[in-house]
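K.L.:
here is the input, now give the coordinates:
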Amino acid sequence: MKTVVTVIVKYDTLGKKTPLAIVWEDGRSFPVDYVTDVRPCASLKSGGAGIRYTCLVRGRPVYLFEETDHWFVERPAT
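P.N.:
Below is the predicted model:
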């Protein structure tokens, strides 16, 4: 399931984006430990495509996608 989230992002002088934290719709914020990979990619689980950031959050990998006008993560179906 695609879940739209707010992302706190750092921009460097060359325009490179680095996600610093992911904020859920209920206001909880999770700091990104670090980004291990950035590549153009489609979300096979929830549809959509854009730039995929593979982030470590609390020691676990999270796929964070940046589409044209929003950010989303893949949330497991419940």
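K.L.:
neighbours of the nearest residue to Trp71 once chain neighbours are set aside, just the number please.
P.N.:
Once flanking residues are discounted, Trp71 sits nearest to Val7: 4.4 Å by Cβ to Cβ, 6 or more residues apart in numbering. Every C-beta, even on glycine, is put in place using the N, C-alpha and C of the backbone. For Val7, the neighbour count with other Cβ atoms under 10 Å is 19.
K.L.:
in the sheet, who's paired with Val7?
P.N.:
Ile22 (DSSP bridges).
K.L.:
would you confirm that it contacts Phe65?
P.N.:
No. Applying Cβ atoms under 8 Å, one finds Val7 not in contact with Phe65, separated by 10.1 Å.
K.L.:
give me the common contacts of these two.
P.N.:
Trp71 (Cβ atoms under 8 Å, 6 or more residues apart in numbering).
K.L.:
any idea how far the residue nearest to Trp71 lies from Arg28?
P.N.:
Distance of Val7 to Arg28, given as Cβ to Cβ, to the nearest Å: 13 Å.
K.L.:
now do Pro40
P.N.:
Taken as Cβ to Cβ, the span from Pro40 to Arg28 is 29 Å.
K.L.:
do Trp71 as well
P.N.:
15 Å.
K.L.:
before we move on, what about Gly15?
P.N.:
Distance from Gly15 to Arg28, by Cβ to Cβ: 29 Å.
K.L.:
how about Phe65?
P.N.:
Counting by Cβ to Cβ - Phe65 and Arg28 are separated by 19 Å.
K.L.:
more neighbours: which of Trp71 and Arg28?
P.N.:
Per other Cβ under 10 Å, whichever of Trp71 and Arg28 has more neighbours is Trp71, with 20 against 8.
K.L.:
correct me, but that one touches Tyr63?
P.N.:
No. Using Cβ under 8 Å, Trp71 is not in contact with Tyr63; the gap is 11.2 Å.
K.L.:
noted, bye for now.
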